[in-house]
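> no sequence on this one, just coordinates:
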């Protein structure tokens with residue numbers, strides 16, 4: 001799942017002709033700026049969240065740096081919507097060079113966070129190490145807000161340049177709004193220093209953040225892909241796939257970007273195909289089941305009922321099947337623990 005660091009991309013631009021068709025300058029600028037917006041919105045939220053969780057730790061400089069980067073990126077966003085580009089290739093303007101460097105810094109930071117999250121993916125660590133717990137919560141908030149920022153940027157772009165595509169970004173934005181609400185609720189719960197988190201709180205935190213390493217690893221793949229839009233080169237190695245696996249991914253029909261997303265979720269080519277066959281087209285959807293102990297065959301009826309791995313695991317552990325769970329969820333009951341309350345209310349009536 002961990003994507004190993006690679007060389008600074010600005011030093012890796014090939015002198016030979018690119019092997020892939022490059023996008024036009026405006027689309028290239030939009031890709032860079034939107035990816036930067038997501039990364040630095042997430043960083044800003046991370047620093048604010050960590051300040052709230054760990055008020056005794058001075059994060060003034062880190063927060064100020066994030067705010068400074070955000071101001072620059074927001075200006076680029078406004079200019080891009082007006083049709084301005086960062087540079088004319090192949091030369092990099094001052095703004096384009098800054099964008100390149102900012103994105104490279106964001107990539108390195110996200111790679112480091114992945115390792116920290118993997119180390120804290122244990123209830124005992126979360127109980128014994130409050131700062132690791134705070135980093136995990138702050139990263140959970142970061143990931144939610146970064147996804148929201150990315151979708152919002154794409155919505156604004158499509159409304160101006162591709163109106164027919166705007167609808168799907170509005171739909172995605174609703175999903176990310178819910179993720180932001182969940183992250184905010186976790187932050188609220190754990191920032192209350194008067195209440196020591198119990199085992200249930202920690203289990204909820206671990207479950208809700210189970211896919212964070214995969215989510216961040218997928219973001220690294222997205223950043224690698226954005227760099228490739230300039231260089232014209234995108235290889236399996238860029239997304240951390242070992243050379244020995246190249247043939248299996250290529251034979252299965254996965255290019256570097258698609259393979260990178262599945263690899264980030266912890267799956268190989270054969271496993272990816274197995275999950276796709278049962279309806280899990282998105283690697284994170286498959287990972288949501290796989291990392292909770294489901295096989296593709298066990299997950300299929302839940303997928304058919306449009307229930308994700310996290311909720312499926314909760315209902316399955318309560319002895320419910322997908323059909324019963326879907327009936328309750330359609331009534332607004334997402335937690336099986338609430339069923340007893342509903343049944344008690346029905347008897348009173």
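Received the coordinates, thanks. All values reported here derive from a predicted model rather than from experimental measurement.
> From now on I want contacts and neighbour counts done on CA atoms only, so please keep to that.
Will do.
> Enumerate every residue touching the residue nearest the centre of the chain.
When CA atoms, centre = their mean is applied to the chain, the residue found nearest the centroid is residue 215 (3.6 Å). By CA atoms under 8 Å, 6 or more residues apart in numbering, the contact list for residue 215 reads 143, 264, 265, 284.
> For the closest residue to residue 87 other than its chain neighbours, grab the count of nearby residues.
Closest residue to residue 87 apart from its sequence neighbours, by CA to CA, 6 or more residues apart in numbering: residue 93 at 5.3 Å. The number of residues packed near residue 93 is 13, by other CA atoms under 10 Å.
> from what I can see residue 93 touches residue 86, true?
Yes: the criterion here is CA atoms under 8 Å, and residue 93 meets it with residue 86 at 6.8 Å.
> what pLDDT, on average, does the helix or strand in which residue 214 is found get?
Using DSSP states H and E, residue 214 falls within helix 212-231. Helix 212-231 shows a mean pLDDT of 95.
> Okay, buried residues for the next helix or strand after it please.
Remark: after helix 212-231, the chain's next helix or strand is helix 246-251, criterion DSSP H and E. Within helix 246-251, the residues that count as buried by 16 or more other CA atoms under 10 Å are 246, 249.
> and helix 246-251, how far out from the chain's middle?
Helix 246-251 has its C-alpha centroid displaced from the chain centroid by 25 Å (CA atoms, centre = their mean, to the nearest Å).
> and if you look at stretch 103-120?
Centre to centre, stretch against its chain (CA atoms, centre = their mean), the figure for stretch 103-120 is 12 Å.
> just stretch 218-230 next, same as before
Computed by CA atoms, centre = their mean, the chain-centroid distance of stretch 218-230 equals 13 Å.
> The longest helix seen in the chain: which residues count as buried?
Looking across the chain with DSSP state H, the single longest helix is helix 130-161. Of all the residues in helix 130-161, those buried under the rule 16+ other CA under 10 Å are 132-158.
> Show me the shaky parts of the stretch 101-250 of the chain.
Along the stretch 101-250 of the chain, no part satisfies pLDDT under 70.
> can we see that at 90?
For the stretch 101-250 of the chain, the stretches flagged by pLDDT under 90 are 192-197, 231.
> Which residues are in contact with residue 48?
Residue 48 neighbours (CA under 8 Å, 6+ apart): residue 63.
> Look at it and tell me its secondary structure.
Here residue 48 is helix, with the state taken from DSSP: H, G, I helix; E, B strand; the rest coil.
> how much space between the residue nearest to the centre of the chain and residue 205?
From residue 215 over to residue 205 the distance is 16 Å, taken as CA to CA, to the nearest Å.
> Residue 226 too?
From residue 226 across to residue 205, the span is 32 Å (CA to CA).
> Assign residue 121 to helix, strand or coil.
Residue 121 - assigned by three-state DSSP - is coil.
> burial count for it?
21.
> Likewise for residue 210?
Per other CA under 10 Å, the neighbour tally for residue 210 reads 21.
> correct me, but it touches residue 120?
No: counting by CA under 8 Å, residue 210 does not reach residue 120; the two are 10.3 Å apart.
> And residue 262, its phi and psi?
Main-chain torsions, residue 262, degrees, to the nearest 10: phi -70, psi -40.
> Which residue, other than its chain neighbours, is closest to it?
Counting by CA to CA, 6+ apart, residue 262 lies nearest to residue 283, which is 5.2 Å off, once chain neighbours are set aside.
> what sits against that neighbour?
Listed by CA under 8 Å, 6+ apart, the contact set of residue 283 reads 261, 262, 265, 272.
> what's the distance between it and residue 261?
Taken as CA to CA, the span from residue 283 to residue 261 is 6 Å.
> now the helices: where do they sit in the stretch 1-150 of the chain?
Listed from the start of the chain, the stretch 1-150 of the chain has helices (DSSP state H, counting those that start in this stretch) covering 25-53, 60-81, 94-119, 123-128, 130-161.
> okay if I get the ones you listed as CSV plus distance to residue 169?
Listed next are the helices of the stretch 1-150 of the chain as CSV, based on distance: least, CA to CA, whole Å:
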stretch, distance to residue 169
helix 25-53, 14
helix 60-81, 16
helix 94-119, 23
helix 123-128, 35
helix 130-161, 5
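> Give me the contacts around stretch 253-271.
Residues outside stretch 253-271 that contact it (CA under 8 Å, 6+ apart): 1-3, 214-215, 217-218, 221-222, 225, 234-236, 239-241, 248-249, 252, 272, 283-284, 287.
> Now which of those would you call buried?
Buried residues within those, counting neighbours by 16+ other CA under 10 Å: 1-3, 214-215, 217-218, 221-222, 225, 234-236, 239-241, 249, 272, 283-284, 287.
> pretty sure residue 202 contacts residue 129?
No: applying CA under 8 Å, one finds residue 202 not in contact with residue 129, separated by 11.7 Å.
> okay, those two: which has more neighbours?
Set residue 202 next to residue 129 and count neighbours by other CA under 10 Å: residue 202 wins out with 18 against 11.
> Work out for me the element the more buried one sits within.
Short version: residue 202 belongs to helix 199-208, going by DSSP H and E.
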